[in-house]
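[1] A predicted structure for the sequence below; I have some questions about it.
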Amino acid sequence: MAFQCRVVQIDRILNDVDFNQFKNSKSKIAKLFKSEEELFNEAMKSEIEARRNYEEYKKEI
């Protein structure tokens with residue numbers, strides 16, 4: 001869902017761009033992808049923690 005939102009934002013940026021604005025827009029797009037990567041990394045950290053908690057829970061049963 002978040003990635004789909006990023007794609008829409010990228011489309012809007014590219015639609016508003018002429019060649020002289022390309023460098024600035026490229027920077028905006030790079031920031032969007034960095035944000036997407038950060039979201040993915042946070043999700044992976046949460047998944048790893050959840051698995052550890054589940055494994056600990058199973059050991060206690």
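    Looks like it arrived, so ask away.
[2] center of this protein - which residue?
    Closest to where the C-alpha atoms of the chain average out (CA atoms, centre = their mean) is residue 36, at 1.4 Å.
[3] Which strand or helix spans that residue?
    In the assignment (DSSP states H and E), residue 36 maps to helix 22-60.
[4] Can you mark which positions in that helix are buried?
    29, 32 (16 or more other CB atoms under 10 Å). Yep, even glycine has a C-beta here, placed from its N, CA and C like the rest.
[5] Mind giving me the packing neighbours of that helix?
    helix 2-15 (3 or more CB pairs under 8 Å, 6 or more residues apart in numbering; DSSP states H and E).
[6] can I assume residue 29 is in contact with residue 11?
    No - counting by CB atoms under 8 Å, residue 11 is not a contact partner of residue 29; they are 10.4 Å apart.
[7] ok, and the helix or strand in the protein with the lowest average confidence?
    helix 2-15 (a mean of 68; mean pLDDT, DSSP states H and E).
[8] Give me the pLDDT for residue 38.
    pLDDT, residue 38: 81.
[9] dump the residue contacts of it.
    By CB atoms under 8 Å, 6 or more residues apart in numbering, the contact set of residue 38 is empty.
[10] What distance do you get for it to residue 51?
    21 Å (CB to CB, to the nearest Å).
[11] Distance of residue 57 relative to residue 47?
    Counting by CB to CB, the gap from residue 57 to residue 47 is 15 Å.
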